[in-house]
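Chemist: I would like to see how this sequence folds:
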Amino acid sequence: MSGCYQFAFLRRVVGLSLLLVVAACSEVAQLKKNNDPANYTVEQNVLWASPQNVDLAMDIYTPSSGRESYPVVVMFHGGGFLLNDKSIMDQAAAYLATNSEYVVCNVDYRLLSDNGNTTTLDAIVGDAFGAVLWVKDNIDQYSGNPQQIAVTGDSAGGHLSAMIVNLGNALSSQGFTPETLSFLPSYLPKGESAESVAARDGLRVQAAMLSYPYDFYEGAREGFENVTNPLWLINGVMGRGVFGDGLTFIDDQSLYKRVSPKHNIPERSQRVLPPQLITVGTEDPLVTPTQVRAYDAALRRAGHETRYWEYEGASHAFLDSGSNALLGSSFEADAPRALDVMISFLDQVFYAADSETLSSCTDLGEIKREPRPVSCEPYIP
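Modeler: Okay, the predicted model is just below:
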């Protein structure tokens, strides 16, 4: 890695580290319009899997409006695969539950530092895959519709959501190897194998919302695994290869590209991806608008439907709970605007009267001016 790339990477990752630490340390009282428990019930810390004896839980929010069934949003937090847990998305989940008609599942997954700093990145992808499979198997107990699933996440969580969309059919009981380049979900439905889930396209979702999605291949190229990456140090562990001993970015680039969504976009003629909303702040120094626009353009070139939205003046992690003194931002000041855009997009997908309404309901310009909910009956695309 050249000194230029290393300097750029360290500058971005130091900024990310400071941003996440400051954000996590400062909380403010929530406004009722952002979080009104009268509008939902929440089941906290629902255990969904324990891979390698690491308990993984999710918080499940169900609207109180009395519908028999609701579409479902499965949410993955950011943190560079090394920081945070689902609590960093508590306020975002509560906002969606307060202001929309969706069951929200705020999910934990393993970090690279877990199990004595031995968890591999493909295992984290397997956690994201497993969470969606668990939701499909169990969400009807919480008034969720398993046939109406949207995935979302920011930064590393956006990356994981994109992996579900692009590679949810790349499953193997052998797990991730240079030969399989496929993933083993941390949860499998009873009586099924990874291969049987893949054969029935069991991880297909109906929508995705990717907020400033991180690109791991680019991060690895710029030195993510280096011991000087402060994300490792903040977590109290040493930087290392994310696929374990003996596998390196130099010699095993196919592995690194396989866990990078932009290198795994199928042509529409091969596989139709669900509608996707892709967002980024105009001032994001870590996942830049140029990077995110390039990913959106790649999806469009492959024939897939996307909506792209840049948040004017916003930096990285504008969806996180609490406030960030370093950036002068807070959830209450910055997140609701973006979450309203997300709700508008979801309503187009799941509450449009028919598919024609979905395609014409709100164009990008209308979304940027004023998100408007669509009040119609649920629709399964």
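Chemist: use CA for all of it now, contacts and neighbours both
Modeler: Fine.
Chemist: contacting residues for the residue nearest to the spatial centre of the chain?
Modeler: Centre of the chain computed as the mean C-alpha position; nearest residue by C-alpha atoms, centre = their mean is Gly153, 2.4 Å away. Taking C-alpha atoms under 8 Å, 6 or more residues apart in numbering, we find Gly153 in contact with 75-78, 159-161, 209-211, 213.
Chemist: do the same with Ile60
Modeler: 42-44, 46, 103-106, 142.
Chemist: quick one on the thing from earlier: which residue packs closest to the residue nearest to the centre of the chain, ignoring adjacent ones?
Modeler: Phe76 (4.6 Å; C-alpha to C-alpha, 6 or more residues apart in numbering).
Chemist: I'd like the distance between the one you found and Leu319.
Modeler: Phe76 sits 12 Å away from Leu319 when distances are taken as C-alpha to C-alpha, to the nearest Å.
Chemist: Is Leu286 in contact with Ala317, as I believe?
Modeler: No - using C-alpha atoms under 8 Å, Leu286 makes no contact with Ala317, being 9.7 Å away.
Chemist: which of those two has more neighbours?
Modeler: Ala317 (30 against 21; other C-alpha atoms under 10 Å).
Chemist: and Leu255, that one's in a helix?
Modeler: Yes - applying DSSP: H, G, I helix; E, B strand; the rest coil, one finds Leu255 inside a helix.
Chemist: Report how many residues lie close to it.
Modeler: 22.
Chemist: ok, it touching Ser182?
Modeler: No - Leu255 lies out of contact with Ser182 (C-alpha under 8 Å); the separation is 9.8 Å.
Chemist: Show me the strands in the stretch 1-150 of the chain, by range?
Modeler: Using DSSP state E, counting those that start in this stretch, the strands of the stretch 1-150 of the chain run over 40-49, 56-63, 70-76, 103-107, 144-154.
Chemist: hey, which of those strands is tucked in deepest?
Modeler: Most buried of the strands of the stretch 1-150 of the chain, by mean neighbour count (mean count of other C-alpha atoms under 10 Å): strand 103-107, with a mean of 29.
Chemist: one step back: show me what contacts the residue nearest to Gly153?
Modeler: 86, 106-108, 128, 151-154, 157-158, 160-161.
Chemist: and if we set it to 6 Å?
Modeler: By C-alpha atoms under 6 Å, 6 or more residues apart in numbering, Phe76 lies in contact with 107, 153, 157.
Chemist: Kindly report the same for Phe81.
Modeler: Leu111 are the contacts of Phe81 under C-alpha under 6 Å, 6+ apart.
Chemist: okay if I get the contacts of Ile60 as CSV plus distance to Tyr308 and pLDDT?
Modeler: Formatted as CSV, the contacts of Ile60 follow (distance: C-alpha to C-alpha, whole Å; pLDDT from 0 to 100):
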residue, distance to Tyr308, pLDDT
Val42, 31, 98
Glu43, 33, 98
Gln44, 32, 98
Val46, 33, 98
Val103, 24, 98
Val104, 22, 99
Cys105, 24, 99
Asn106, 23, 99
Tyr142, 31, 98
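Chemist: Which strand or helix spans Leu339?
Modeler: Using DSSP states H and E, Leu339 maps to helix 331-350.
Chemist: Any buried residues in that helix, and which?
Modeler: Across helix 331-350, burial judged by 16 or more other C-alpha atoms under 10 Å covers 331-332, 334-350.
Chemist: what's the offset of that helix from the middle of its chain?
Modeler: Its chain's C-alpha centre and that of helix 331-350 lie 15 Å apart, by C-alpha atoms, centre = their mean, to the nearest Å.
Chemist: And the helices in the stretch 51-200 of the chain?
Modeler: Assigned helices in the stretch 51-200 of the chain, in chain order: 90-99, 114-117, 121-138, 156-167, 194-199 (criterion: DSSP state H, counting those that start in this stretch).
Chemist: Dump those into a markdown table; add mean pLDDT and mean neighbour count as well.
Modeler: Formatted as a markdown table, the helices of the stretch 51-200 of the chain follow (pLDDT from 0 to 100; neighbours: other C-alpha atoms under 10 Å):
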| stretch | mean pLDDT | mean neighbour count |
| --- | --- | --- |
| helix 90-99 | 98 | 23 |
| helix 114-117 | 97 | 14 |
| helix 121-138 | 98 | 23 |
| helix 156-167 | 98 | 27 |
| helix 194-199 | 98 | 17 |
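Chemist: how close does the residue nearest to Gly144 when sequence neighbours are not counted get to Ile139?
Modeler: Spatially, and ignoring its direct neighbours in sequence, Gly144 is nearest to Tyr70 (4.9 Å; C-alpha to C-alpha, 6+ apart). Here Tyr70 is placed at a distance of 10 Å from Ile139 (C-alpha to C-alpha).
Chemist: same question, Ala220
Modeler: 36 Å.
Chemist: Check what pLDDT Asn324 gets.
Modeler: For Asn324, the pLDDT comes out at 70.
Chemist: burial of it, as a residue count?
Modeler: 23.
Chemist: in the sheet, who's paired with it?
Modeler: Counting by DSSP bridges, Asn324 is bridged to Ser329.
Chemist: Over to Leu47?
Modeler: Ala57.
Chemist: Of the contacts of Gly153, which is the nearest to Gly66?
Modeler: Met75 (22.6 Å; C-alpha to C-alpha).
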